[in-house]
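In: kindly generate the corresponding structure for this input.
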Amino acid sequence: MYLTIGKKKIPLPGFRNIKTAIAVFVCIVFYEFTGRDNLLFAATAALICMQGSMERTFASGMNRVAGTMIGGVAGICFNMLKTFNFNYYVWSILVCIGLILIIYFLNLNNRNDSLIMACFVFLVITLDPSLDRPEYYAVNRILDTTFGIIISIGVNHFLFRPEHDRQQLKDVYEKDRNFRYRIKRSANHKTTNWSGGVSTELLIYPERAFFSERNFIWHFSSSTNDYRETTFSVMNGYKRHLLLLSGNAKIIQGTEAYNMTKYESVSLNTEEMAKCIGLCTDLKLMVSDAYEAELKKYHCQECHAIKSHNLDKEPYHTKLIYSLYDDLEFRINIDENEKFEVILNKGDLFILENINELSNDASITVHLNGKAEFDVVAIAAIIRNKK
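Out: Presented below is the predicted three-dimensional model:
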């Protein structure tokens, strides 16, 4: 939604913005009428847990409750050591050891999202001298946090509920066994170290191929260049397409040099060594010589044809769309009778296959609350056979 002033469009507050304020307001009114203390705990929980979907709201709430409980229990247990009357410096060391144990325990159990809350509650209980009964604080913190989460979930469920939650769309969609889309969530990407930093494999085709064995047709990845100068490997039979997601870089190959900034792209010959000078993060698409490809920016509110009109007879045509933000909404128009929406979060990959089975009118429009229509919100990798 936009407010048009002259030729300028100003985005209006989104539904998530409004629902967050409503959830906090409900907490304020409830605590005023009941006379209960600790409104801040409930309001903060409602504020933080309000997400763009019911699934993420619930997950955020559970992480916050788990962190509060773990930090509370750990703090109460450590407070029992005060009976030994440690001096200030010894007690400080013990508290830091407690933090190490909490962080280690949560990392070991893949509960990183609960880490900050657990450490915060633990520090309040162990370091705040005004707490006469830390166990009372811990129990009330859990109760007030839980109440705020319940309010956040209730508001998100009953008010302006996202369309994709109501439809409960799956991550795989097939139409007449021809056109197919699927979503690969960021949690399923494979991350490895390479000579220049960290590389995340988004997708490889065929999916049983291995990048190291050079038996793939195409390979889509994101990587960081953590050193001032890195070298791209030489690979016969492929072409490398590169787009910068952040930072600045100078790409040198032979006598050519490319000064690149955010969202600029370049195509490189993989049979000749190339150097990257600068700290940056990029998307790389490696494609066999039998195929052609391009990396394209998708702007907010922009409508894109799913397939190019001159590719009707192409036997293979695929699009991979990489989301740069959370709660990115894709509105897919297959034909007049079939329309649907999917939601991607940052790092998710939207995969569209057998595109040539669709009509020329099939399209995708990308939406993101709070972003103007000229903002880049996703990157598309388009792969097709050479004619």
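In: which stretches of the stretch 1-150 of the chain form strands?
Out: All strands of the stretch 1-150 of the chain, identified by DSSP state E, counting those that start in this stretch, fall at 2-5, 8-11.
In: which residues are contacting stretch 74-92?
Out: 94-95, 98, 101-102, 118, 121-126, 134-135, 138 (C-beta atoms under 8 Å, 6 or more residues apart in numbering). (Glycine included, C-beta is placed from N, CA and C.)
In: how far does that stretch stretch from start to finish?
Out: End-to-end distance of stretch 74-92 (C-alpha to C-alpha, to the nearest Å): 15 Å.
In: from now on call the first residue 12
Out: Noted, 12 is the first residue going forward, which turns the last one into stretch 85-103.
In: what are the buried residues along it?
Out: Judged by neighbour count (16 or more other C-beta atoms under 10 Å), stretch 85-103 contains these buried residues: 85, 86, 87, 89, 102.
In: redo those as a markdown table? Include pLDDT and distance to residue 195.
Out: Output for these, formatted as a markdown table (pLDDT from 0 to 100; distance: C-beta to C-beta, whole Å):
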| residue | pLDDT | distance to residue 195 |
| --- | --- | --- |
| 85 | 92 | 37 |
| 86 | 91 | 40 |
| 87 | 89 | 43 |
| 89 | 89 | 42 |
| 102 | 91 | 48 |
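In: which helix or strand contains residue 203?
Out: strand 201-205 (DSSP states H and E).
In: following element in sequence after that strand, please.
Out: Remark: after strand 201-205, the chain's next helix or strand is strand 208-216, criterion DSSP H and E.
In: and that next one, which residues are buried?
Out: For strand 208-216, a neighbour-count test (16+ other C-beta under 10 Å) marks 210, 211, 212, 213, 214, 215, 216 as buried.
In: so that strand versus strand 201-205, what angle?
Out: 130 degrees (axes from the mean of the first three to the mean of the last three C-alpha atoms, to 10 degrees).
In: returning to what we had before: which of the contacts of stretch 85-103 are buried?
Out: Using 16+ other C-beta under 10 Å, the buried ones in the contacts of stretch 85-103 are 106, 109, 113, 129, 132, 133, 134, 135, 136, 137, 145, 149.
In: which residues are in contact with the residue nearest to the last one when sequence neighbours are not counted?
Out: Think residue 149. Distances taken as C-beta to C-beta, 6 or more residues apart in numbering place residue 83 nearest to residue 149, at 3.2 Å, with adjacent residues excluded. The neighbours of residue 83, taking C-beta under 8 Å, 6+ apart as the test, are 132, 133, 136, 148, 149, 150, 152, 153.
In: next: residue 291.
Out: Residue 291 sits next to 235, 236, 255, 256, 257, 258, 259, 260, 271 when contact means C-beta under 8 Å, 6+ apart.
In: pull the most distant pair out of the contacts of residue 83.
Out: Distances among these were taken as C-beta to C-beta; the most separated pair is 133 and 150, at 14.9 Å.
In: quick revisit: min pLDDT across the buried ones among the contacts of stretch 85-103, which one?
Out: The lowest pLDDT within these belongs to residue 145, with 79.
In: hmm, back to that, what is the nearest of the contacts of stretch 85-103 to residue 396?
Out: Nearest member of the contacts of stretch 85-103 to residue 396, counting by C-beta to C-beta, is residue 129, at 52.5 Å.
In: the closest one and residue 48: what is the separation?
Out: 22 Å (C-beta to C-beta, to the nearest Å).
In: any idea of the pLDDT on the residue nearest to residue 122 when sequence neighbours are not counted?
Out: Among residues not flanking residue 122 along the chain, residue 77 sits closest, at 6.3 Å (C-beta to C-beta, 6+ apart). The score at residue 77 is 89. That number is its pLDDT.
In: next one: residue 232
Out: 93.
In: residue contacts, residue 280?
Out: 250, 251, 264.
In: what does residue 297 give?
Out: Applying C-beta under 8 Å, 6+ apart, the residues contacting residue 297 are 227, 229, 230, 231, 232, 246, 249, 250, 251, 252, 281.
In: ok, back up a step: how close does the residue nearest to residue 122 sit to residue 160?
Out: Residue 77 is 11 Å from residue 160, by C-beta to C-beta.
In: repeat for residue 274
Out: Taking C-beta to C-beta, one finds residue 274 at 37 Å from residue 160.
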